[in-house]
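*Asks:* I would like to see how this sequence folds:
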Amino acid sequence: MIRSLDHLVLTVADLQATLHFYGKILGLQVRSFGEGRFALHFGAQKINLHPVGGGLMPVAKVPQAGSADLCFLIRGTLEDQIDALELAGIPVELGPVARSGASGAIRSIYLRDPDGNLIELAEPLVEPLPAVPRTAFQLRPATTADAAACLEIYAPIVRGSHISFEHDVPSQVEFAARIARYRESHAWWIAEREGEVVAYAYACPHRERAAYAIAAEVSVYVAPQAHREGVARALYLELLAGLQQAGVHKAYAIITLPNPSSLAFHESLGFRPLAQFPAAGRKFDRLWDVAWWVRELG
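*Replies:* Down below sits the predicted model:
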């Protein structure tokens, strides 16, 4: 089974022209490796460059320049990118136009590299949050007095599933402290039905250092008697709307795999897969993969 994409290979007619286009014009990092070989790096991905007629084997059945179609997400705006391309004398063939990317809605322009390969440069578009749906549940901010009720939902998940990576159930005192801490830094919401707490959702810091304040991690837990009744969706949308109003730009969901229902739930709310970490944690004497999903908020 395929885990992830490791790298791509691009066949090129003029290696130096290609290095200039991708390195100087588009800003990819050029690295040399092996015996006179070059690769273009961006994030965790890379493109190996293979000159037409190069000696490295094996190669594609008919290796020729000009046959690729590559899409890159950019930093900044498309307008800034268009201005930079105009200064470099590189024409834009099409765009800006709306497209659907692997990570959600995007806005794109199209141009050609020195070999005539089609290059798509795209900026992600923030999808608006749906309205919080009407529900039979009462939603309200949590207080430390809700610690016991929330812990009653959470404790069986710690003891009996891989969904939480905690090995031991926290004490009620510790759980109350978490509610107080995350209410102060972000938010903690609960859902009640006829006075009974049946679900909760909270946001917490993504990382402690100050620059990470634009992002938050989000989680939701639902009691068995309230599954499939829309309460998780209502809580999450309330939580995400509050984060957006507070100036948070990204919400991250950390999902231990396998968990197909959680993946489908987050996808329905506009979350997109960002990364997957194999064998990221050990629980119940086995290793578990972890997926990171992200929702753009602004």
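*Asks:* run through the residues that contact Pro170.
*Replies:* Leu151, Arg178 (C-beta atoms under 8 Å, 6 or more residues apart in numbering). Where C-beta positions appear, they are placed from N, C-alpha and C, glycine not excepted.
*Asks:* helices of the stretch 151-298 of the chain, start to end?
*Replies:* 172-185, 231-245, 260-268 (DSSP state H, counting those that start in this stretch).
*Asks:* what comes up buried for the shortest one?
*Replies:* Of the residues in helix 260-268, those buried under the neighbour-count criterion (16 or more other C-beta atoms under 10 Å) are Ser262, Leu263, Phe265, His266.
*Asks:* now the strands for the stretch 101-250 of the chain?
*Replies:* Remark: strands assigned in the stretch 101-250 of the chain by DSSP state E, counting those that start in this stretch are 104-112, 118-124, 138-141, 187-193, 196-205, 215-222, 250-256.
*Asks:* out of these, nearest to Val173?
*Replies:* With C-beta to C-beta, the closest approach to Val173 among the strands of the stretch 101-250 of the chain belongs to strand 187-193: 16.2 Å.
*Asks:* where does the prediction get shaky in this protein?
*Replies:* In the predicted model of the chain, residues 1-5, 55, 57, 59, 103 satisfy pLDDT under 70.
*Asks:* sorry, back to before: and the buried residues of helix 260-268, which two are furthest apart?
*Replies:* With C-beta to C-beta as the measure, no two of those lie farther apart than Leu263 and Phe265, at 7.3 Å.
*Asks:* report the residue ranges of every domain in the protein.
*Replies:* Per the record, the chain has its domains at 8-124, 138-296, by automatic domain parsing.
*Asks:* beta partners of Gly281?
*Replies:* On the basis of DSSP bridges, Gly281 is bridged to Trp288.
*Asks:* residue contacts, it?
*Replies:* Gly281 makes contacts with Phe165, Thr256, Leu287, Trp288, Val290, as judged by C-beta under 8 Å, 6+ apart.
*Asks:* mind putting the domains of the chain in a markdown table, distance to Pro130 included?
*Replies:* Output for the domains of the chain, formatted as a markdown table (distance: least, C-beta to C-beta, whole Å):
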| stretch | distance to Pro130 |
| --- | --- |
| domain 8-124 | 14 |
| domain 138-296 | 6 |
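*Asks:* Val132: which of those domains is closest?
*Replies:* Checked against C-beta to C-beta, the stretch from the domains of the chain lying closest is domain 138-296, at 4.6 Å.
*Asks:* residues of stretch 267-276 that come out buried?
*Replies:* By neighbour count on 16+ other C-beta under 10 Å, the buried set for stretch 267-276 is Leu269, Gly270, Phe271, Arg272.
*Asks:* quick one: residues in contact with stretch 222-239.
*Replies:* Under the contact criterion C-beta under 8 Å, 6+ apart, stretch 222-239 has outside partners 129-133, 135-137, 139, 152-153, 187, 189-191, 193, 197-203, 218, 220, 265, 268-269.
*Asks:* buried ones in it?
*Replies:* The neighbour-count criterion (16+ other C-beta under 10 Å) identifies 222-223, 226, 229, 231-239 as the buried residues of stretch 222-239.
*Asks:* got it, and stretch 130-144?
*Replies:* By neighbour count on 16+ other C-beta under 10 Å, the buried set for stretch 130-144 is Val132, Phe137, Leu139, Ala142, Thr144.
*Asks:* can you verify my assumption that Leu240 contacts Leu129?
*Replies:* Yes: assessed by C-beta atoms under 8 Å, Leu240 is found in contact with Leu129 at 5.6 Å.
*Asks:* who's more crowded, these two?
*Replies:* Taking neighbours as other C-beta atoms under 10 Å, Leu240 and Leu129 compare with Leu240 leading, 25 against 18.
*Asks:* and the more buried one, how far from Arg140?
*Replies:* 17 Å (C-beta to C-beta, to the nearest Å).
*Asks:* residues in contact with Leu56?
*Replies:* So Leu56 contacts Arg37, His50 (C-beta under 8 Å, 6+ apart).
*Asks:* hang on, I meant Asp146
*Replies:* Contacts of Asp146 were listed using C-beta under 8 Å, 6+ apart, and they are Ile179, Ile190, Val197, Tyr200.
*Asks:* of those residues, select the buried ones using a ChimeraX command.
*Replies:* To isolate the buried members of these in ChimeraX, using 16+ other C-beta under 10 Å:
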select :179,190,197,200
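*Asks:* going by distance to Ile109, which of the contacts of Asp146 wins?
*Replies:* Closest to Ile109 out of these is Tyr200 (43.7 Å), distances taken as C-beta to C-beta.
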